[in-house]
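[1] This is the structure alone, sequence omitted:
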């Protein structure tokens, strides 16, 4: 079954898989582009990534340019893509490659994986696509494919289940055509073996799939045990002065690290110099581990003692500012109004 699984997947990928993604190139792909795409695709769908990938490459066409760029430029181009630690780690990794590897992206997995923001699966994907290595990947899509095809019980995030999936992924590796096989796994999970409404009738390994045989496709992989999602609330000040708003840079760590955001109003406080304060509708934003209710409070000010990390930004220049997605939505509505 192991050999049949790999061969069926390779054949399907060549005939029906994805071949026109912007980071796919004939022959061996460029390591910088592969790495950039793999980081952007972490917990983010392809359709969302493509325009960000194009803009990022236009501004930073090579690793050296990314390493030397101002951090705020990197964050501005990442704004709206979410999981902002990825952008910070991306630039840190570029700087490490310049400092320790002479600006050439390392080829060995043991040299790739220690780079900031790169884990075992991402390192393997880069090594396969850029350097033709024989290595197993295990991202979210692949976990789902393997759990269904081979009937793996248990939540994939549990260490024992994850170890079993890694062992299975390594045992399935073919001796040749690793690029087609690895891309096939990704394509299968992204296009057919999806979380909801999988297209089992089109699947190249449907005849071997244990979940399908046992009518358990909807049950596998085993979901995480449900738990209450914490709710948080915050009031943010939208201080306006002559067509500009006051923004403050977030701390490097934590939510929206390093981005510009609206000043936070402490509970029970009210800014004394606010004129005609207007409360806008609550904006709800979901993070990975909690939900945040944002109450924007708009007021005009004649002057304001700007904090050392504060900046007055014109509402006409929102496009180039490194803003979190919910803050951008609030300010864009304000600019349109």
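    Yes, it's here. Since the structure is predicted, the reported quantities are computational estimates derived from the model, not experimental observations. Numbers count the residues shown, from 1 in each chain.
[2] low-confidence ranges in the protein?
    1-2, 26-28, 271-273, 303-309, 337 (pLDDT under 70).
[3] Quick check, central residue of it?
    residue 42 (3.9 Å; C-alpha atoms, centre = their mean).
[4] Now that one: closest residue in space that isn't a chain neighbour?
    Counting by C-beta to C-beta, 6 or more residues apart in numbering, residue 42 lies nearest to residue 86, which is 6.3 Å off, once chain neighbours are set aside. Backbone N, C-alpha and C define where each C-beta goes, glycine included.
[5] Please name every helix or strand in contact with the strand or helix carrying that neighbour.
    Per DSSP states H and E, residue 86 falls inside helix 85-101. Under the contact definition 3 or more C-beta pairs under 8 Å, 6 or more residues apart in numbering; DSSP states H and E, helix 85-101 sits against helix 31-40, helix 63-68, helix 71-78.
[6] of these, which approaches residue 50 most closely?
    With C-beta to C-beta as the criterion, residue 50 lies closest to helix 31-40 of those, at 9.1 Å.
[7] buried sites along that closest one?
    The neighbour-count check on helix 31-40 (16 or more other C-beta atoms under 10 Å) flags 31-40 as buried.
[8] Then stretch 13-20?
    Taking 16+ other C-beta under 10 Å as the criterion, stretch 13-20 shows 13, 17 as buried.
[9] How far away from the center of its chain is it?
    23 Å (C-alpha atoms, centre = their mean, to the nearest Å).
[10] Stretch 141-151 now?
    In terms of C-alpha atoms, centre = their mean, the centre of stretch 141-151 is found 21 Å from the chain centre.
[11] Show me what it is in contact with.
    Contact with stretch 141-151 is made by 5, 121, 138, 152, 156, 165, 168-169, 172, 185-186, 188-190, 193, 195, 198, 205, 208-212, 214, 216-217, 220-222, as judged by C-beta atoms under 8 Å, 6 or more residues apart in numbering.
[12] how does it look with 6 Å?
    156, 165, 168, 185-186, 188-190, 193, 205, 209-211, 220-221 (C-beta atoms under 6 Å, 6 or more residues apart in numbering).
[13] Closest one of these to residue 242?
    For the contacts of stretch 141-151, the residue nearest residue 242 by C-beta to C-beta is residue 190; the value is 47.5 Å.
[14] For that closest one, give me its contacts.
    Residue 190 touches residue 141, counting by C-beta under 6 Å, 6+ apart.
[15] From residue 54, how far off is it?
    19 Å (C-beta to C-beta, to the nearest Å).
[16] Residue 146 now?
    32 Å.
[17] Break this structure down into its domains, please.
    Per automatic domain parsing, the structural domains of the chain span 2-213, 231-336.
[18] what's the most buried one of those?
    domain 2-213 (a mean of 18; mean count of other C-beta atoms under 10 Å).
[19] thinking again about what came up before, does the residue nearest to the centre of the chain count as helix, strand or coil?
    coil (DSSP: H, G, I helix; E, B strand; the rest coil).
[20] mind listing the helices for this structure?
    Applying DSSP state H to the chain gives helices spanning 2-16, 31-40, 46-59, 63-68, 71-78, 85-101, 109-112, 120-131, 140-149, 159-171, 178-187, 210-213, 325-336.
[21] So what angle separates the directions of the first one and helix 140-149?
    The reference is to helix 2-16. 130 degrees (axes from the mean of the first three to the mean of the last three C-alpha atoms, to 10 degrees).
[22] which other helices and strands contact helix 2-16?
    If you count contacts as 3 or more C-beta pairs under 6 Å, 6 or more residues apart in numbering; DSSP states H and E, helix 2-16 packs onto helix 178-187.
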